[in-house]
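> for reference, the sequence and a predicted model appear below.
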Amino acid sequence: MRGHQARVRGVSFANARATSSGAMRARACVAAVFVRDAHGSDARVGRDDAWGRDARVRGALVARRGFLSDWLAKNDDGADGKKKKGNATSGGTSASGRGKTKRRDPAPGGGGGARFGGETTDNPFGDFTESDLKPDFGFRRDLEALYNVPSLEEEPLGAGSYGVVRKVTNKKTGEAFALKTLKKAPWKQPPATMTAVNYYHGKLKNEVDVMRTIGSSLSVVYLYDAFEDKDAIHLLMELCSGGELLDRISMNDSEEYREQKAADLVKSVLRTAVQCHNRGIIYRDIKPDNFLFQTEDLDSPLKATDFGLAGLLPPRGEVLSRRCGTPSYMAPEVIDRRYTSQADVWSVGVVAYQLLSGRLPFVDRVNARPNAKEVFRAILEDDVDLESDPWPSVSDEAKDFVAKLLDRDPDARPTARAALLHPWLTQSTATWKSKAAKGQDSALNGQVVARLQRFATQGLLKRSVLRLIARELLNEDAEAIESVTARNTSVQELKELFAKLDTSGDNMVELSELEVGLREIGYDVTGKESKQLLGSLDTSGDGLIDVNEFLAALLDWEKFEKTQMYPQWVERAFQILDVDGSGQIDAEEVAQLIFEESAEENSSVRASIVKACISEADVDGNGKIDKDEFASLLQADPMDDLDQYDSREYQKM
């Protein structure tokens, strides 16, 4: 990848406020990326919400959506196993037009944590131990053995009060990456309570978990690995060199070109929001600064970064309450402290307005240096200007899209998924999309890369079971399968596509073949992205893809669920895994599936992987998977459609 990561931000952190006595709440998001907003002021506010969901149920939900540990579940609200009731709001409706709903409010501060008070002492940790403020996160500790890491004194790509982003290279290959380093103990003085400490450390763990959950999509800056040492954690990430979203939009471009480009970029932003929401995550900081172009190429993909303010969505019927994000992009209901995932949709509307007009829709018109309070007033009260220049030259479809997303009533606002289907985005895509000169694969209608991404975002256990079904069952029922798929992508067509990618003819597809093959059939995927996709398909861990792994990723399992044979396949797969015939799949049996062809020898790594796999399906929390949980794991999510993933077909703008 060329050049340096453009305008990478460093990180600063705000102190978390203490919540209820004696509870260990790791869910406060106390990080704020140190950036300039559109007015030039450093403006980012917010901490995360206190959560009160049952720890066991939420732990399973977290793992099911791809989190690789239950650390947060054990350090969150509800860790005592009791579900807290949210404070009901007073009657009537809020400024956002919502009725009475449950609200997640943190309990008053003060209480049970260790407290640092009084005069300065010689002890830099106050009443805490060093392990309290600098815990072991369980990440790898061999960073400097593998990568050339510049010292903290050298010029970084970006820096903030408590963290830096540096460019590092692999010692063996010379490959470049971005390394985000975050201090474990950023406080100048020890914090007031242990709750505040857990809030901050919970945020660090949360950012890693969120990136691992949705980071297998090509819409997100990829997290390769997480490291730590005594003083900091280090996130090894994809290096993006193409600059931020706004860098590519010029008001000097022709109206038609600018609008087509804006529609394409907005669609990329929306895809990220949909992927987050489908996995129970709210982004809470959608803005141009947090979307980077992968390369300097004019048709470079756009990727989301910085999930420091992301969090889990509350149960249906409940809302979040803490203001969180950058003021100019906050939804009215965030200001009003009663919001859901619809707040992200508003933020996308602000980005779309900015791309189309070159300015923000709601600004401080009073103060030379923007004041957050005045910006909030404008968001709550001012009309959206869709009449002054350049709006007369903007299409009606684009104006309708912006108006719908900037509806102050979140219930009237379209969901992120519905917004993806708005005519402005679907018509403009049809206008400029061009098939590759060598032709697109007819079997999948240009969906190969989108399907690979969808498969990659599933949990490891589900991917492994689908591969098992493909290997053990599909070949056996080949004739029946062909009749089922007559109106869909057939197994035979997928096998032919696999053979096209397998240029060496050894019935395996390696990295170089995948990269070249995808380009040959019309997809624009880089070598690093091909490696990323191969890693998710390669459930056996041998660095190669066999035909069964390929089928598992590309078959339309949702349609297969509707066949009479599907329950039989699920039953037989369960029987294969339930080696002892107990009616439940235990940790040892999961390990046999996951590591049947793997050389992983580290026992602690194996144990943590198996634990995370079981948590994907273990709804009742007994450490085993019964038949109902197994069947539920394999159910396709109808909301997880392909429109939310970048197809990566060659495009011509």
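Now that the structure is in, tell me what you want to look at.

> now the strands for the stretch 151-300 of the chain?
158-159, 163-170, 176-183, 223-228, 232-237, 281-282, 291-293 (DSSP state E, counting those that start in this stretch).

> got CSV for these, with distance to residue 550 too?
C-betas here are computed from N, CA, C, even on glycine. CSV is the format used below for the strands of the stretch 151-300 of the chain (distance: least, CB to CB, whole Å):
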stretch, distance to residue 550
strand 158-159, 39
strand 163-170, 28
strand 176-183, 28
strand 223-228, 23
strand 232-237, 28
strand 281-282, 29
strand 291-293, 30
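
> could you dump the ones you listed to a markdown table with mean pLDDT and distance to residue 634?
Below are the strands of the stretch 151-300 of the chain laid out as a markdown table (pLDDT from 0 to 100; distance: least, CB to CB, whole Å):
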| stretch | mean pLDDT | distance to residue 634 |
| --- | --- | --- |
| strand 158-159 | 76 | 42 |
| strand 163-170 | 92 | 37 |
| strand 176-183 | 94 | 35 |
| strand 223-228 | 94 | 27 |
| strand 232-237 | 95 | 32 |
| strand 281-282 | 94 | 22 |
| strand 291-293 | 93 | 34 |
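
> ok, which of these comes nearest residue 272?
strand 291-293 (8.0 Å; CB to CB).

> so how far is residue 353 from residue 415?
Applying CB to CB, to the nearest Å, the value for residue 415 to residue 353 is 19 Å.

> so those two - more neighbours on which side?
Neighbours per residue, other CB atoms under 10 Å: of residue 415 and residue 353, the larger number sits with residue 353, 27 against 16.

> name the helix or strand of the protein that has the lowest mean pLDDT.
Ranked by mean pLDDT, DSSP states H and E, the weakest helix or strand in the chain is strand 31-34, scoring a mean of 26.

> find the nearest non-adjacent residue to the most centrally placed residue in the chain, please.
For the chain, the residue nearest the mean C-alpha position is residue 214 (3.4 Å; CA atoms, centre = their mean). Of all residues not flanking residue 214 in the chain, residue 275 sits nearest, at 5.1 Å (CB to CB, 6 or more residues apart in numbering).

> quick one: residue 236 from residue 294, how far?
16 Å.

> again with residue 570
Where residue 294 is concerned, residue 570 sits at a distance of 39 Å (CB to CB).

> then residue 341?
From residue 341 over to residue 294 (counting by CB to CB), the distance is 26 Å.

> and if you look at residue 206?
Distance check for residue 206 against residue 294: by CB to CB, it reads 25 Å.

> one more: residue 279?
Remark: distance between residue 279 and residue 294 (CB to CB) = 22 Å.

> buried stuff in stretch 142-160?
By 16 or more other CB atoms under 10 Å, the buried positions in stretch 142-160 come out as 143, 147, 149, 156, 157, 158, 159, 160.

> I should have written stretch 625-633 there, sorry.
Within stretch 625-633, the residues that count as buried by 16+ other CB under 10 Å are 625, 626, 629, 630, 631, 633.

> distance of the residue nearest to the second one when sequence neighbours are not counted relative to residue 610?
If you skip the residues right next to it in sequence, residue 626 has residue 584 as its closest partner in space, 5.2 Å away by CB to CB, 6+ apart. If you measure residue 584 against residue 610 using CB to CB, the figure is 15 Å.

> settle it for me: which of the two has more neighbours?
A direct count of neighbours by other CB under 10 Å for residue 584 and residue 610 places residue 610 higher, at 22 against 18.

> quick check: residue 261 touching residue 248?
Yes: the criterion here is CB atoms under 8 Å, and residue 261 meets it with residue 248 at 7.0 Å.

> quick one, what contacts residue 302?
Neighbour list for residue 302: 219, 245, 265, 268, 269, 291, 292, 293, 294 [criterion: CB atoms under 8 Å, 6 or more residues apart in numbering].

> would you check which pair of these lies furthest apart?
Of all pairs in these, the most separated under CB to CB is 269 and 294 at 14.6 Å.

> so these two - more neighbours on which side?
residue 269 (25 against 21).

> local confidence estimate at the more buried one?
Residue 269 carries a pLDDT value of 96.

> ok, now the one 3 residues further on?
The pLDDT attached to residue 272 in the predicted structure is 94.

> and it, how many neighbours?
Using other CB under 10 Å, residue 272 is surrounded by 27 other residues.

> burial of residue 314, as a residue count?
24.

> now residue 620
13.

> leaving out chain neighbours, which residue sits closest to it?
Nearest non-adjacent residue to residue 620, counting by CB to CB, 6+ apart: residue 629, 7.4 Å away.

> so the one you found sits right up against residue 616, yeah?
No: the pair residue 629 / residue 616 is not scored as a contact, 9.3 Å apart, by CB under 8 Å.

> and residue 493, helix, strand or coil?
helix (DSSP: H, G, I helix; E, B strand; the rest coil).

> any idea how far it is from residue 446?
Residue 493 is 14 Å from residue 446, by CB to CB.

> with neighbour numbers in mind, choose between those two.
residue 446 (20 against 16).

> assumed that one was part of a strand.
No: Residue 446: not assigned to a strand; according to three-state DSSP it is coil.

> I figured it was touching residue 646, is that so?
No: counting by CB under 8 Å, residue 446 does not reach residue 646; the two are 11.3 Å apart.

> spatially nearest residue to residue 310, not counting backbone neighbours?
Nearest to residue 310 is residue 210, by CB to CB, 6+ apart, at 4.7 Å.

> I'd like to know which elements the longest helix seen in the chain is packed against.
Ranked by residue count under DSSP state H, the longest helix found in the chain is helix 255-278. Identification of packing neighbours for helix 255-278 by 3 or more CB pairs under 8 Å, 6 or more residues apart in numbering; DSSP states H and E yields helix 194-214, strand 291-293, strand 302-304, helix 342-357, helix 396-405, helix 416-419, helix 423-432.

> so residue 333 sits against residue 345, correct?
No: with contact defined as CB under 8 Å, residue 333 does not count as touching residue 345 (10.9 Å).

> who touches both of those two?
Residues touching both residue 333 and residue 345 (CB under 8 Å, 6+ apart): residue 410.
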